[in-house]
Structures are given as structure tokens and as C-alpha cells.
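In: Need a 3D model of the following:
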Amino acid sequence: MKKIIRINMSKDVPEVVEEAMGRYEGLGGRGLTSGIVSSEVEPLCHPLGEENKFVIAPGLLGGTASAMSGRLSVGCKSPLTGGIKESNAGGQPGQALARLGIGAVVIEGKPRGGDLYKIEVSKSGVRVVKDNSLKMLTNYELIERLRKDYGDKIAVMSVGPAGEMRLSGASVACTDMELRPTRHCGRGGVGAVMGSKGVKAIIIDESETKALEPRDPEGFRDANRRFVLGLQRHPVTGQGLPAYGTNVLTNIINEVGAYPTYNFREGQFAGARRISGEVEAEIEKERGGNPTHGCHRGCVIRCSGIYHDKDGHYLTKQPEYETVWAFGGNCGIDDLDKIAMMDFLCDDIGLDTIEMGVAIGVLMEAGLIKWGDADSAISLLKEIRVGNPMGRIIGNGAEYTGRAFGVDKVPVVKGQGLPAYDPRAVQGIGVTYATSPMGADHTAGYSIATNVLKSGGFVDPLKPEGQIELSRSLQIATAFIDSTGMCLFVAMAMMDQPETYQALLDLINSFYGWNMKESDVVEYGKRILKMERDFNIRAGFTSKKDRLPMFFYKDPLPPHNKVFMVKDEDLDKVFDW
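Out: The predicted model follows:
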């Protein structure tokens, strides 16, 4: 039986309480984080105050022997958007927590002093330990310290200096299989909320743990076999992603004119080929890195990669598509080594690479640094590390940076920076950006799959017709996938292979003894979105929040010279089931 661990940081001695799943039974991952936040957090509270809660939840299949099931969700009221937030990551912590029988960890309250704590989780229980020696350590420094103290059989969630400073661009790092802090719950400033609770690190001892037993072991093994086979057969999950990582998208999105360049001024970047996934993979192989690497045990897509510097030394995990775009085309930078350094700095300091790249693009828009000036961009990230005024401005995200420097062209929705697809060239992703309860978030309803990659059919990306229905169905499906602990990339194969979709349902049913059908998946996703939207409405959000910035409606994007054409009244129908 899974359990919820509640940790009250407001007590003089932090209090740990164990309880049954209760009314949250049957929820996991995003469903569980959003369920707890929507029902237990006052929507009008300050995101960094003691009334907010920081929730961690493995997925429904976390801790099992199922492939691809290691993602972990964190949830809270976001200091970036002011609404509900779920952010998820791969790495080892999700599997480790689930194998200890933990459905969720809920960190409540706030320390009254300035002390810093670490949380130890093991088979023998949960301890909260004061440790001020960890203050302002970067994530890599912290992991080296913890490795010496606890050994290698651990998984760690942590915040870097950005989280301790409670910056709205702060992320939560999750360690990978090599115990490197490279997988991040990045979006929405979730690291600031963990930091506001006085928690620097959560150390999970996964020694002597084993995979959770399904109700129907034979059925589970068969479903997993079919699921893996489907992923391996699909050209995206079986070929493109393992060979080139997520950055395989750079040439594709640039070719279709949807690659946001120079702060969303243009749809194509002249330097795109030089920072593409194909070139990145070549560099990694030449230097002794690896373009094919799993971020957690059980990953069969293996798109995370390892990037070495010019001297053949480890620098960072393979910079992902969004990161390469954010610091690359968005800022006019076409040097992969400089982009990789910025990726390392964000992981080390604990920052969302998308938000930081968009913020630096806004600074370039303001004329403070020149387009393409990678060295100045690197220096700006280092200023966040030391916490000086300029660093704190950028570290609080793109909208904050735009206000500080009087920029009117700031690509954000609900305060969150737009990812690497221009909504004028891919109208479906614009619907998702505008209407997702999470703020601008491509993963909330990844229309690129159908608009560009033609998975699950094709909807013309340059026309408004069909985009509402596409985004709606994808947002519903994504809310469910985010609850399973599965990597979102499995959706590519599921959309094209009904048998792979059925294999996922069979995995869940054989593990829990359920009888979930496709119609149940739809209702599950709707339930989560309803909880999230209800929270945002009670936090003061209206339909006016479900809009893109005005320049997307007014400024045509080269090369197609299109504007965003989906009407406001249609955006308001996305959640009319």
C-alpha cells in the first residue's frame, strides 16, 4: 500500500507524519500533485509563504519494472505564474521513492529562522536534519558532498543557489543514473518553493529496494514486452531520439519556419544546422561522449546523451532541443560549446533553461547585450549564481526582466516564457500555450506531433481550423500520461500504434487489478484539468489569461508571414468537453 509522507517545516523540530492515500487513492504523478494542491492550498496565498505546499509524487507506474516509468512530478502554487503548477523530470528519484512505497511527499509550512535542512528517506523512515553547511552550494558541489556522506546508492532532489534565493526561474534537480544533477523539474519556479521551505536536498536511499510487485505478474510482463516493442518500432522513439536526442527537432522545426529566432522575430535561424542534433551527436562521439543515454533505469528511448568539452572532459548532459533553442536561435547564438556551458550553469545553479534563454532574449531585445553574444550570456548566468541585482532580475524570469528594462515584446503566457515553437507557424501549439493551466508549456498538449511530425494524423499548422480540438484532446491525454510516470515521448508511438496504447493500459490494469479503458483515460485527464482550472479560477484567473501576447496577433512571422489566427471565442471553448 502506498502512503503519503507529510513534513511540517513550521514546527521548531520539523514534524514527519505518515498517512494512507485516502481520498487520493488511484492518483499518481501530476494527478496527485494537482489533486493535493487544488484541494489543500489556499489559491490566494503567497507562493513563497507557509500556506503553500510543495508536493512530490512518482507516477502510477513508478517503482515498477515497466519501461519508461521513472518520471516524477512536483506541484505547488507557482511563483512565476501565480497559478497551479506541475513540473516533472526523469532521473532516479521517482523510482526510488516509489520503491519505498511512497505515493507522495508533502512539504508544508516554513521554518521560522534561516536554517537549512536536508530530508533523508530510507526503508527505516524519514528524517529531517538541519545542515547549514550546505548553504549556497551549487547542485554539483552538493552532490559531491552527499556522495561522500551517503555513498552511491542514493537518488537526490535538490535546489541550487537560485532556489535558496527563491528566484522564480529556479528549478528542482533530480540525479540521473550516474548521480549527476542533470534532470530538472524546471518550469514555474518550483525550485523557489522548495527553497522557501528551507529544504536544500532530499536524499533517497534506494539500496535494498526492489521493483514493486504487480497484481498480475505474467500479464504485466507481457504488456511491458509489447510496450517496449512498440517504442522500438516507431521511427521517433526507436530511431530519431536514440540517435540524436531531442535536438533532432532543430533542423525539422527550422525547416518548417517555426523556429523562434531573435526573440520571436523570425521563424528560421541561419545558424540552425550548426547547433542541430545531428552535429551535436557527431561532436559527442568525436570527444568520447555519447548521444544515446538513459536518464533513469528502465529507459529504452535513451535520448539524454552525454556532452564533453573540447578536451574530452564531461561538461553536461546532452543539451536538449528546448535548451539549445533558448540559448541558441532565440538569442542568435550558434556555438554548441557555449550553449552546453550555459546548460551546465543552469543545472548547477538550479535554473530553468527555457525561462533563462527567453529572459536573455528579452535583454537582447532591450539592447543591453548584442544578439549572438554568447560570452555575455554566460556572464549573466554567473551573475545569478552570486545573487547580484542583475542576476536576480534575470533569475526571476522573462516577464520580470521585461518589466525591469521596459520591453514590450515579452513572449510569455501567465508569466511563463514560451518554448521553442512559434505559435504563428504552428497554430495548434499556440492554443496549448494560451489555454494550458500551467502557462506557456509545449508539453501540456504537444500539437507538434500532429501539426508537424504527423503522428496521429495531420492538422495543417498554418490554419486555425481543427486546432482547438487537437489541443483539447492532447491536453487531456497528456494530463493522464503525466500521471502514469511515463515519459511523454511514449505518446508518439501510442498515437500511431493502437496496440502500444493498449499495452500501456494493460500495464496499469495488470499492476493494479483495474479495468481501465480508453474512455476512462479521457475522464482521468479531464478530472485533472478540471482541478487545475478550478484552482486558477479561485486564484483570480479569467479567460483573459488564456491569451497569447498581442504581438503574435499583429506581427507576421517570416517566412510564412502568418499571425496567430485562432479566435478568442474559440480559445474559450477548449475546455467545453
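In: and the closest residue in space to residue 493 that isn't next to it in sequence, how far is that from residue 489?
Out: Excluding the flanking residues, the one nearest residue 493 by CB to CB, 6 or more residues apart in numbering is residue 234, at 4.0 Å. (Glycine included, C-beta is placed from N, CA and C.) Taking CB to CB, to the nearest Å as the measure, residue 234 falls 9 Å from residue 489.
In: Could you do residue 477 as well?
Out: For residue 477, the distance to residue 489 - CB to CB - is 13 Å.
In: Equivalent analysis for residue 265, please.
Out: Taking CB to CB, one finds residue 265 at 30 Å from residue 489.
In: With residue 264 instead?
Out: Distance from residue 264 to residue 489, by CB to CB: 25 Å.
In: The residue nearest to residue 493: how many residues sit nearby?
Out: Neighbours of residue 234 under the rule other CB atoms under 10 Å: 23.
In: OK, contacts around it?
Out: Counting by CB atoms under 8 Å, 6 or more residues apart in numbering, residue 234 makes contact with 492-493, 496-497, 500.
In: For the one helix or strand residue 230 maps to, name the packing helices and strands.
Out: Here residue 230 sits within helix 217-233, counting by DSSP states H and E. Helices and strands touching helix 217-233, by 3 or more CB pairs under 8 Å, 6 or more residues apart in numbering; DSSP states H and E, are helix 490-496, helix 498-512.
In: and the following helix or strand past the longest one, how far out from the chain's middle?
Out: Scanning forward in sequence from helix 498-512, with DSSP H and E defining helices and strands, the next element found is helix 518-538. In terms of CA atoms, centre = their mean, to the nearest Å, the centre of helix 518-538 is set 19 Å apart from its chain centre.
In: go on, stretch 417-435?
Out: Using CA atoms, centre = their mean, the offset of stretch 417-435 from its chain centre is 16 Å.
In: can you give me the end-to-end distance of that stretch?
Out: Taking CA to CA, to the nearest Å, stretch 417-435 runs 14 Å from one end to the other.
In: what residues are up against the nearest residue to residue 140 once chain neighbours are set aside?
Out: The shortest distance from residue 140 to any non-neighbouring residue, by CB to CB, 6+ apart, is to residue 348 (5.2 Å). Counting by CB under 8 Å, 6+ apart, residue 348 makes contact with 138-141, 160, 181, 385.
In: Most neighbours out of the residues you listed, which is it?
Out: Using other CB under 10 Å as the neighbour criterion, residue 160 leads the contacts of residue 348 with 33 neighbours.
In: Surely that residue and residue 344 touch.
Out: No. Assessed by CB atoms under 8 Å, residue 160 is found out of contact with residue 344, at 11.7 Å.
In: Pull out the buried residues from stretch 472-483.
Out: Buried positions in stretch 472-483, judged by neighbour count with 16 or more other CB atoms under 10 Å: 472-483.
In: try stretch 358-368
Out: 358-366, 368.
In: returning to that earlier point: okay, the angle between the helix holding residue 230 and helix 498-512?
Out: Following axes from the mean of the first three to the mean of the last three CA atoms, to 10 degrees, one obtains 150 degrees for the angle between helix 217-233 and helix 498-512.
In: next SSE after helix 217-233?
Out: Once the chain leaves helix 217-233, the next helix or strand it forms, by DSSP H and E, is helix 235.
In: Off-centre distance for that next one?
Out: The mean C-alpha position of helix 235 is separated from the chain mean by 24 Å, CA atoms, centre = their mean.
In: mean confidence score for it?
Out: Helix 235 shows a mean pLDDT of 95.
In: same question, stretch 402-421
Out: 98.
In: how long is it from one end to the other?
Out: Using CA to CA, the distance between the terminal residues of stretch 402-421 is 20 Å.
In: if we can go back for a sec, neighbour count winner among residue 265 and residue 489?
Out: More crowded of residue 265 and residue 489, by other CB under 10 Å: residue 489, with 21 against 18.
In: Tell me the predicted confidence for that one.
Out: The predicted local confidence for residue 489 is 94.
In: returning to that earlier point: I'd like the buried residues of stretch 358-368 written out as CSV, with secondary structure and pLDDT added.
Out: Below are the buried residues of stretch 358-368 laid out as CSV (DSSP: H, G, I helix; E, B strand; the rest coil; pLDDT from 0 to 100):
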residue, secondary structure, pLDDT
358, helix, 98
359, helix, 98
360, helix, 98
361, helix, 98
362, helix, 98
363, helix, 98
364, helix, 98
365, helix, 98
366, coil, 98
368, coil, 96
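In: The residues you listed: which two are farthest apart?
Out: Farthest-apart pair in the buried residues of stretch 358-368 is 358 and 368; separation 14.7 Å (CB to CB).
In: Neighbours of the residue lying closest to residue 509 once chain neighbours are set aside, how many?
Out: Among residues not flanking residue 509 along the chain, residue 516 sits closest, at 5.6 Å (CB to CB, 6+ apart). Other residues near residue 516 come to 16 when the count uses other CB under 10 Å.
In: State the phi and psi torsions of residue 516.
Out: Residue 516 has phi and psi values of phi -70, psi 130 when expressed as degrees, to the nearest 10.
In: name the element residue 242 belongs to?
Out: helix 241-244.
In: Report the distance from the following helix or strand past that helix to the chain centre.
Out: Proceeding N to C from helix 241-244, the next assigned helix or strand is helix 249-255, under DSSP H and E. On the basis of CA atoms, centre = their mean, helix 249-255 sits 21 Å off its chain's mean C-alpha point.
In: now for helix 249-255, which elements pack on it?
Out: Using 3+ CB pairs under 8 Å, 6+ apart, helix 249-255 is in contact with helix 277-286, helix 321-327.
In: Tell me if I'm right that residue 70 and residue 294 touch.
Out: No. Residue 70 is beyond contact range of residue 294, at 9.1 Å (criterion: CB under 8 Å).
In: coming back round to it: narrow the contacts of residue 348 to those in helices?
Out: 139-141, 385 (DSSP state H).
In: Out of the residues you listed, the closest to residue 249 would be?
Out: The nearest one, if we look at the ones in helices among the contacts of residue 348 relative to residue 249 and count by CB to CB, is residue 139, at 26.3 Å.
In: how far away is the closest one from residue 160?
Out: Counting by CB to CB, the gap from residue 139 to residue 160 is 5 Å.
In: now residue 302
Out: 26 Å.
In: can you tell me which residues contact residue 284?
Out: Contacts of residue 284 (CB under 8 Å, 6+ apart): 290-291, 305-308, 318.
In: Out of these, which is nearest to residue 48?
Out: Among the contacts of residue 284, and counting by CB to CB, the member closest to residue 48 is residue 318, at 32.9 Å.
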